[in-house]
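Undergrad: below are the sequence and a predicted model; questions follow.
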Amino acid sequence: MSGKMRSCASCGKYTMKEKCSCGEATETCHPARFSFEDKYAKYRRKMKYGG
């Protein structure tokens with residue numbers, strides 16, 4: 001088990017487990033780490049802003 005908080009997309013609850021009490025899979029709710037040497041930032045901005 002990781003030490004990071006996870007959230008359920010369907011019911012909105014927060015948990016530390018891989019599966020929520022409602023039975024759905026959870027996903028991490030923390031953003032990715034920031035890096036000035038980010039190789040894919042150009043592509044993320046293109047997807048977000050449509051440029």
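TA: Structure's in. What do you need? Numbers count the residues shown, from 1 in each chain.

Undergrad: quick one: M16 from R45, how far?
TA: Per Cβ to Cβ, to the nearest Å, M16 is found 32 Å from R45. All C-beta spots, glycine's among them, are computed from the backbone N, C-alpha and C.

Undergrad: how about low-confidence regions in the chain?
TA: Judged by pLDDT under 70, the chain has its weakly predicted residues at 1-2, 51.

Undergrad: could you redo the last one with a cut-off of 80?
TA: Applying pLDDT under 80 to the chain flags the ranges 1-3, 32, 51.

Undergrad: which parts of the protein are helices?
TA: 41-49 (DSSP state H).

Undergrad: and the strands in it?
TA: 6-8, 14-15, 26-28 (DSSP state E).

Undergrad: helices and strands around the first one, which ones?
TA: The one in question is strand 6-8. strand 14-15, strand 26-28 (3 or more Cβ pairs under 8 Å, 6 or more residues apart in numbering; DSSP states H and E).

Undergrad: out of the strands of the chain, flag the one nearest D38.
TA: D38 lies closest, by Cβ to Cβ, to one member of these: strand 26-28, at 18.0 Å.

Undergrad: now do the buried residues in that closest one.
TA: Neighbour counts over strand 26-28 (16 or more other Cβ atoms under 10 Å) mark T26 as buried.

Undergrad: from the contact counts, what lies against that strand?
TA: strand 6-8.

Undergrad: pull the distance from the strand it packs on to the chain's centre.
TA: 9 Å (Cα atoms, centre = their mean, to the nearest Å).

Undergrad: hmm, who's touching it?
TA: Applying Cβ atoms under 8 Å, 6 or more residues apart in numbering, the contact partners of strand 6-8 are 13-18, 20, 22, 24, 26-29.

Undergrad: would you list the strands of the chain in CSV and tack on distance to K39?
TA: Converted to CSV, the strands of the chain look like this (distance: least, Cβ to Cβ, whole Å):
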stretch, distance to K39
strand 6-8, 26
strand 14-15, 31
strand 26-28, 21
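
Undergrad: sounds good, over and out.
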